[in-house]
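> Next come a sequence and a model predicted from it.
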Amino acid sequence: MFRKGSAAVVAAGLVLAVGGCGGADGTDAASDKGPAGGTAAPRPSGKLVGWVGSLCESAATLENLRSDSAKELKQIRNPDEDVPSVELLAVGYLSRTPDTVEAVDRDLKELDRSGVPAADRLLAAWQKKLEAVLPELVDVSPADGMADAEGSAAGVDKLVQSLTPPDPDLPALTKKDPRLAAAHKQAKQCAPDWKPREPGAPGENTGSPAPEATGPLPKAADGKNTAACSDGVCEILVTSTADITANGMNVHVTVSEESVTFQTAGTVMQLGGAGGEAGFGDELKAVVVAHNEDGAVLKFSRP
C-alpha cells in the first residue's frame, strides 16, 4: 500500500520527466536547433562572405553598365540641342565602355574557388560571357565614333546588353544553399541599396583615398588667351570649347562637366573629372590642372 507522501513524489517525478522531454509540443529544450524545430543558420566563413560580395559587386557594375549604355546610345541617336557634337559623345562612350568590362573581367579572374560547387559554376559562366565579348570590345577604337557615331555605339551596346546574369544567378542559388544565403546576407555589396564604385576610381581596397572635390578653379597663368600656347608652353582656362595651336599642332578641346576631350587630326583622347595627362607624340602634352562644372585649367608643354 502506498503512503500519501510517496504518491506525491511519484507525481512530481512524472512532471519532471515530461518537462525534460520538451513539453507537450514535442520540441527538445536541450537541443541547439532553432525555434519550431528548425536548424540554426550556418555561419559562413569570412572568405565566402568576401567572395560572394565580390561577385555581387561585379554583377551590379555590369547591370549599371547595361542601363547606362542604353541611355548613352539613345542620346547619341537623339542628342539634346545643347550637345556640342554627337561624334564626341560617341568617342566618350567608346572610350569608357570597354574599360569597364575589362575591369570586371580582371576582378572575376582574381577570385579563387569559393568551395561551393554551384557558386563556382556561376563564376565560370560569368567569365565565359565576358570572354565572348571582350575581343570585339578591345578592338573598338574611340576614333570610330568620329567616322560612324551611331553605328559604332550601337555595335558596342549590343555586346554590352549580352552581359546578363547567367541562369541560375546568385539570388537563385541562395535559395537552395544556406551557406550562400548567409554569406549573401552579410556581404555589404549584396545589399539592395549598395552602389558600386566607378571603375578605376580609388576605393576601400586600393589603399588610396578618394579624390576630394576640386573646389573653385585656380587662376590660369594665361587666362583664356589661347595664342599664348603657340610655342607649346601655356596654362589656359577653357570653359566650353577652344581651338588651340601649340608647338605646330592643332588641338580642339571640349570641356564638359564630366570630362575634357582633346581632338587632333589623328587622335581623340578623353580625360575624366579627376584630371590626367594627354600626350601627343613627341610634340606636345597637356595636363588637366583642375576641372569642375565651370571649366578646366589646362597646362600645355613640350615633352
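Received the coordinates, thanks.
> Let's check: the centremost residue of the protein is which one?
Geometric centre of the chain, nearest residue: residue 61, 3.7 Å, by C-alpha atoms, centre = their mean.
> residues touching that residue, list them.
Going by C-beta atoms under 8 Å, 6 or more residues apart in numbering, residue 61 touches 100, 103, 104, 196, 199. All C-beta atoms are positioned from the backbone trio N, CA, C, and that covers glycine.
> Top of those by number of neighbours, please.
Counting by other C-beta atoms under 10 Å, residue 104 has the largest number of neighbours within those, with 22 neighbours.
> Quick check: pLDDT value at residue 256.
We have a pLDDT of 83 for residue 256.
> gap between it and residue 73?
As for residue 256, its distance to residue 73 is 18 Å (criterion: C-beta to C-beta, to the nearest Å).
> Could you do residue 115 as well?
When distance is defined by C-beta to C-beta, residue 115 is 40 Å away from residue 73.
> out of these two, which sits in the more crowded spot?
Between residue 115 and residue 73, counting by other C-beta under 10 Å, residue 73 is the more crowded of the two (21 against 12).
> For residue 86, see how far away that one is.
Counting by C-beta to C-beta, the gap from residue 73 to residue 86 is 11 Å.
> ranges for the strands of this protein?
Assigned by DSSP state E, the chain shows strands spanning 234-238, 241-246, 249-255, 259-263, 268-272, 276-280, 284-292, 295-301.
> hey, least reliable of the ones you listed by pLDDT?
Among the strands of the chain, strand 268-272 scores lowest, with a mean of 79.
> packing partners for that strand?
Applying 3 or more C-beta pairs under 8 Å, 6 or more residues apart in numbering; DSSP states H and E, we find strand 268-272 packed against helix 86-109, strand 259-263, strand 276-280.
> switch the cut-off to 10 Å
Counting contacts by 3 or more C-beta pairs under 10 Å, 6 or more residues apart in numbering; DSSP states H and E, strand 268-272 packs against helix 86-109, helix 144-147, strand 249-255, strand 259-263, strand 276-280, strand 284-292.
> who touches the shortest one?
Counting by C-beta atoms under 10 Å, 6 or more residues apart in numbering, helix 144-147 makes contact with 76, 85-95, 141, 151-153, 155-156, 263, 268, all of which sit outside it.
> ok, now with 6 Å
Identification of contacts with helix 144-147 by C-beta atoms under 6 Å, 6 or more residues apart in numbering yields 87, 90, 91, 94, 152.
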